[in-house]
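This is a predicted model, with the sequence first.
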Amino acid sequence: MEDLAQKVVNARRILDGLFFKFSDEITASLTAVLTRENFILIGPPGTAKTMLVASISKLLKAKWFYRLLTKFTEIEEVIGPIDVVELLKGNVKRIYTNSIVEADFALLDEIFNASSAILNTMLTILNERVIYDGGNIIPVKTWTVFGATNRIPDEEELQALYDRFPLRVFTKYAAPEETEDLIKTGLRLRKEYESLAPVMSMDEVKKLNEYIKNYVYENMNSLVKHISRIVASFLDHVVISNRTRVKVPLYVVSYLTVVGIKPSDIDAAVLRAGTLKVLKYLVKDKEDLSEYESFLATHMPGNLSVLYDMVKEIKALIANNAISIAKEKLREAYELFEKSVADPVTYRFFQVEIEEIKTTLELLKSQL
C-alpha cells in the first residue's frame, strides 16, 4: 500500500506546482477522494475551482461530470434524458451515459442555485449514492461529489444539503502584490494541463480507501484517544455535527496519507498535528474560520503557541515605546523560533504558520 500512498503524494506535488497558493484546496480535495467524501469549495468565481477538479480527474484517470446549476437547469441535464426509443415502446427509461450516474467525480457549480427537484435528487446522491427514478432505485457510480459556490446558504431548506458537504475550503483572490507570481503559475497551468498524465487509477484509489478504513478500525482505540480530545476542545468554539465527528479519524488518516505520512510513522504528535490541520476543513463559515485560527494559535505544538503570544507582547512593548525590553523579548523569540524550526513534526505540518511568524519577527526587528 505504500506504493499507492506514494502515488497520492505525487499527485499532490504535481498539483501544488500547477496552482498558486492552493495548498488547502488541493490537500482537502485529495483527502475527500481518499475517504469517498463530498467536498465543497466556497469562494468567488475565477479562483480555479473547476480547473482543480478537472486536473485531479486527469491525474487519477477518472471520468468526471460538470454542470453549472441554475433555477432553470432541468433534472435531465444532471441524471440523464428520457430514452425516446423506449418511451415509444411504452417504457420509461433514462439514458445515464454521460450523466452524474456514470461519473467517478462530479462537480456541481453554484449548487445552491439549483431547482428544488435537483436539490432533492442531490440529497439522495450525497447520502446514499442512489437516485429514485420513478419506481426504480438506480445506483450512482460517483465516488466524490465536489460542490462549488460563491455563497454559504442561509435558507433553512438548504442547510441539510450544505451539511452533506462536511469537508470545506474557502478560496479567495490573490493579493495585488501576488499578481506576478499568480500570472506565471496560471500560464504554466494552461500550458501543462493538456499533457497531464495519470499517476494512478480509480481502482487504486479504492484499494487505498479500503486500506485506510481497515487501518482506522484496527487502531480505533489509540486513534480516537488522541483525536477526540482535540475535537472536543474545538467544539467549545465551533459546532460540528455528530455525523461528521464520527468520520474525523478517517479524515485525519487520509490527510496524513496525502501529505506523505506512512502508517508506521503515525504517533501521538503526528495525530495531534494532523487533527489540528483537518479541523480547518470542518468549519461552516468565515466566522468559524476565525475561531479556528484563534484555536490553532493556542494549540499548535512545540513553541509555536508561545511564539504567537510573544509576538503580541513585543508589539505592545513597541507601541508603548518600551524599546529595550522589546529588543530583549525579540531576541528570546528568535531563539525560540530556531528551536521550533528544528522540530521535524512542527516544521512539516506548520510551515505556513512558521513563515508567518518569521515574517512578523523580521517586521518587528525593522521597527527597533
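Good, I have the coordinates. Numbering: from 1, shown residues only.

mind exporting the helix or strand hosting V311 as PDB, just the C-alpha atoms?
V311 is located in helix 304-319, with elements delineated by DSSP states H and E. Listed next in PDB are the C-alpha coordinates belonging to helix 304-319 (Å, rounded to 0.1, in the frame of the first residue of the first chain):
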ATOM      1  CA  LEU A 304       4.700  28.000  18.200                       C
ATOM      2  CA  SER A 305       1.800  28.900  20.500                       C
ATOM      3  CA  VAL A 306       4.300  30.600  22.900                       C
ATOM      4  CA  LEU A 307       5.700  32.500  19.900                       C
ATOM      5  CA  TYR A 308       2.300  33.800  19.000                       C
ATOM      6  CA  ASP A 309       2.000  35.200  22.500                       C
ATOM      7  CA  MET A 310       5.500  36.700  22.400                       C
ATOM      8  CA  VAL A 311       4.800  38.400  19.100                       C
ATOM      9  CA  LYS A 312       1.700  40.100  20.700                       C
ATOM     10  CA  GLU A 313       3.800  41.100  23.700                       C
ATOM     11  CA  ILE A 314       6.500  42.600  21.500                       C
ATOM     12  CA  LYS A 315       4.000  44.600  19.500                       C
ATOM     13  CA  ALA A 316       2.500  46.000  22.700                       C
ATOM     14  CA  LEU A 317       6.000  46.900  24.000                       C
ATOM     15  CA  ILE A 318       6.800  48.800  20.800                       C
ATOM     16  CA  ALA A 319       3.500  50.600  20.900                       C
END
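
angle of the very next helix or strand once past that helix against helix 304-319?
As assigned by DSSP H and E, the chain's next helix or strand after helix 304-319 is helix 323-342. Helix 323-342 runs at 160 degrees relative to helix 304-319, counting by axes from the mean of the first three to the mean of the last three CA atoms, to 10 degrees.

And the contacts of helix 323-342?
For helix 323-342, contacts defined as CB atoms under 8 Å, 6 or more residues apart in numbering pick out 302-304, 306-307, 310-311, 313-314, 317-318, 346-347, 354, 357-358, 361, 364-365, 368. Any C-beta I mention is one placed from the backbone N, CA and C, and that applies to glycine too.

From the residues you listed, list the buried ones, please.
302-304, 307, 310-311, 314, 317-318, 346, 354, 357, 361, 364 (16 or more other CB atoms under 10 Å).

okay, those in TSV with distance to S340 and pLDDT next?
Shown next, in TSV, are these (distance: CB to CB, whole Å; pLDDT from 0 to 100):
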residue	distance to S340	pLDDT
G302	5	73
N303	5	82
L304	6	86
L307	7	89
M310	11	90
V311	13	90
I314	16	93
L317	21	91
I318	22	90
T346	5	82
I354	7	88
I357	8	89
L361	11	90
L364	17	90
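
so how far is stretch 11-22 off the chain centroid?
With CA atoms, centre = their mean, to the nearest Å as the basis, stretch 11-22 stands 13 Å off its chain's centre.

circling back to that earlier point, taking the buried ones among the contacts of helix 323-342 together, which two end up most distant?
I318 and T346 (26.6 Å; CB to CB).

And the contacts of the least confident helix or strand in the chain by mean pLDDT?
Least confident helix or strand, the chain: helix 84-88 with a mean of 72, by mean pLDDT, DSSP states H and E. With contact meaning CB under 8 Å, 6+ apart, helix 84-88 is reached by 92-93.

Next secondary structure after it?
With DSSP H and E, the next secondary element past helix 84-88 is strand 105-109.

All good on my end, thank you.
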